[in-house]
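Asks: sequence first, then the predicted structure:
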Amino acid sequence: MIVKSTTLSSLENVATQTATTRVLHLINGEHFAGAERVQDLLAMALPQFGFEAGFACVKADKFPDVRRSEVPLYELEMRNKLDVFCYRKVAKLIRDQDYKIIHAHTPRSLMIGSLAARSTGCPLVYHVHSPTARDSDRGIANWFNTRIESWSLRQVDRMICVSSSLMGYMAELGHPSVKLTVVSNGVAVIDDLPHRDPPSHDSTWTIGTMALFRPRKGVEVLLESLASLKQRGVKVHLRAVGTFETPEYEAEVMAHVDRLGIADMITWTGFQTNVNEQIRQMDLFVLPSLYGEGLPMVVLESMANAVPVVASNVEGIPEAVRDGVDGLIFEAGSADDLAAKIESMVGDTERWAQMSQSAYVRQRTCLSDISMAEGTSEVYGSLLD
């Protein structure tokens, strides 16, 4: 399911009903990955629908320094993962600053938000960015976060799921459909996109990826596909943008690169804030995730920059990228399938141009930051009504 694009009449109706209502977004704040970009974009787009966002970080680190929005941000640090008494600071902030809705984005912030909602009587919204039970390869951590999420959801009034697959996941867990709404992720539309010719048939194509690299992102699958392409003589180079979740995992990946003999085929850029600039240096964007995705922002950002996507058939990805139209979908975990999909694109300039245009139009039509903010504001409005 994809949220419809904004219309003037719907914008005016929502703004009239909910003018200048303050919403407190509870977030972790230690990273600036896909979910954090959603939060930042909502803060910038919601005012045109009559809502003013503020942030309360319970584990502030990278987000306060990297965000683009200029809304109020409060660092209300939890002393540890089970510091439930942090809710008192949140409740005081809600009362002092007259926030009318609490919007939590992670299991940890949801735990604090549920207690603050109970204390203040404020309605609580939970944004489901990914399936908590499949969020990582750490079984104990997944179990723990799922238990916290399940307990905290008793207090939730509405759940915003970023894809239909996630809504199905939450419904299977027993959450009532009346509380579930799909609001697809969105990114800013780029009106002044620089003209770009298709990469030439005989040039080396730049295959790009961007992530907070961790096991579920499937970077090993991408590396193995590169080794296969090298053996076949397909001329590609990987531009990998992002940091690793841990130094230990980075060492594992680099050792795998050495074993495959493909170090000369890869540029590791580290963390970058200029997402659009990075994507424009790519001919194809590849997302080899194994599991645990909702609707990845990097996929939408690639489409906004008219870069065709090759991505795995995980969670909400096929809801955004139409296979053979806006990009290609491959079997998650299959390096052979990924290599075949990349090889089918490299050198086919006509197909690249068609997918580039289709991806660009699709993002503008129904996967923008405005459509995301409109859908979110409608959830807020239903609570206030």
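Replies: That came in fine, so what should we check first?

Asks: three-state assignment of L238?
Replies: Following DSSP: H, G, I helix; E, B strand; the rest coil, the label given to L238 is strand.

Asks: and it, what are its bridge partners?
Replies: I207, I266 (DSSP bridges).

Asks: can you pull the contacts of it?
Replies: 206-209, 222, 226, 265-267 (Cβ atoms under 8 Å, 6 or more residues apart in numbering). All C-beta spots, glycine's among them, are computed from the backbone N, C-alpha and C.

Asks: if you set the cut-off to 7 Å instead, what comes out?
Replies: Shown in contact with L238 (Cβ atoms under 7 Å, 6 or more residues apart in numbering): 207, 226, 265-266.

Asks: among the residues you listed, who's most crowded?
Replies: Highest neighbour count within these, by other Cβ atoms under 10 Å: I207, with 27 neighbours.

Asks: rewinding a little: L300: which of the contacts of L238 is nearest?
Replies: Ranked by distance to L300 (Cβ to Cβ), the contacts of L238 are led by I207 at 18.6 Å.

Asks: how close does that closest one get to H195?
Replies: Separation of I207 from H195 (Cβ to Cβ, to the nearest Å): 22 Å.

Asks: what sits up against stretch 77-97?
Replies: The contact list for stretch 77-97, computed with Cβ under 7 Å, 6+ apart, reads 22, 24, 26, 54, 56, 58-60, 74, 76, 108, 111-112, 115-116, 119-120, 122.

Asks: again, only this time at 8 Å
Replies: By Cβ under 8 Å, 6+ apart, stretch 77-97 touches 22, 24, 26, 54, 56-60, 72, 74, 76, 99, 102, 108, 111-113, 115-116, 119-120, 122.

Asks: tell me how far the ends of that stretch are from each other?
Replies: 18 Å (Cα to Cα, to the nearest Å).

Asks: ditto for stretch 307-324
Replies: This stretch, stretch 307-324, spans 14 Å end to end (Cα to Cα).

Asks: and it, what's buried?
Replies: 307-312, 314-317, 319-321 (16 or more other Cβ atoms under 10 Å).

Asks: then stretch 20-40?
Replies: If you call a residue buried by 16+ other Cβ under 10 Å, then stretch 20-40 has these buried ones: 21-29, 31-40.

Asks: wait, a strand at V310?
Replies: Yes. Assessed by three-state DSSP, V310 belongs to a strand.

Asks: just the pLDDT for it.
Replies: Note on V310: pLDDT of 98.

Asks: residue contacts, it?
Replies: Neighbours of V310 in contact, by Cβ under 8 Å, 6+ apart: 284-287, 327-330, 338, 341-342, 345.

Asks: G333 now?
Replies: Going by Cβ under 8 Å, 6+ apart, G333 touches 218, 221, 290, 312.

Asks: now with 7 Å?
Replies: 218, 221, 290.

Asks: ok, the residues you listed vs G168, which is closest?
Replies: Using Cβ to Cβ, the contacts of G333 come closest to G168 at L290, 19.0 Å.

Asks: still on that earlier bit, buried among the contacts of stretch 77-97? Make that a ChimeraX selection.
Replies: Buried members of those, defined by 16+ other Cβ under 10 Å, are picked up in ChimeraX with:
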select :22,24,26,54,56,57,58,59,60,74,76,99,102,108,111,112,113,115,116,120,122
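
Asks: take the contacts of stretch 77-97 and keep only those in strands.
Replies: Residues of the contacts of stretch 77-97 located in strands (DSSP state E): 22, 24, 26, 54, 56-57, 74, 102.

Asks: tabulate those (JSON lines), appending distance to W352 and pLDDT.
Replies: Shown next, in JSON lines, are the ones in strands among the contacts of stretch 77-97 (distance: Cβ to Cβ, whole Å; pLDDT from 0 to 100):
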{"residue": "R22", "distance to W352": "46", "pLDDT": "97"}
{"residue": "L24", "distance to W352": "44", "pLDDT": "98"}
{"residue": "L26", "distance to W352": "42", "pLDDT": "96"}
{"residue": "G54", "distance to W352": "43", "pLDDT": "97"}
{"residue": "A56", "distance to W352": "44", "pLDDT": "96"}
{"residue": "C57", "distance to W352": "41", "pLDDT": "95"}
{"residue": "Y74", "distance to W352": "46", "pLDDT": "96"}
{"residue": "I102", "distance to W352": "45", "pLDDT": "98"}
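
Asks: just flag the most distant two among those.
Replies: Most distant of these, by Cβ to Cβ, are R22 and C57, 17.0 Å apart.
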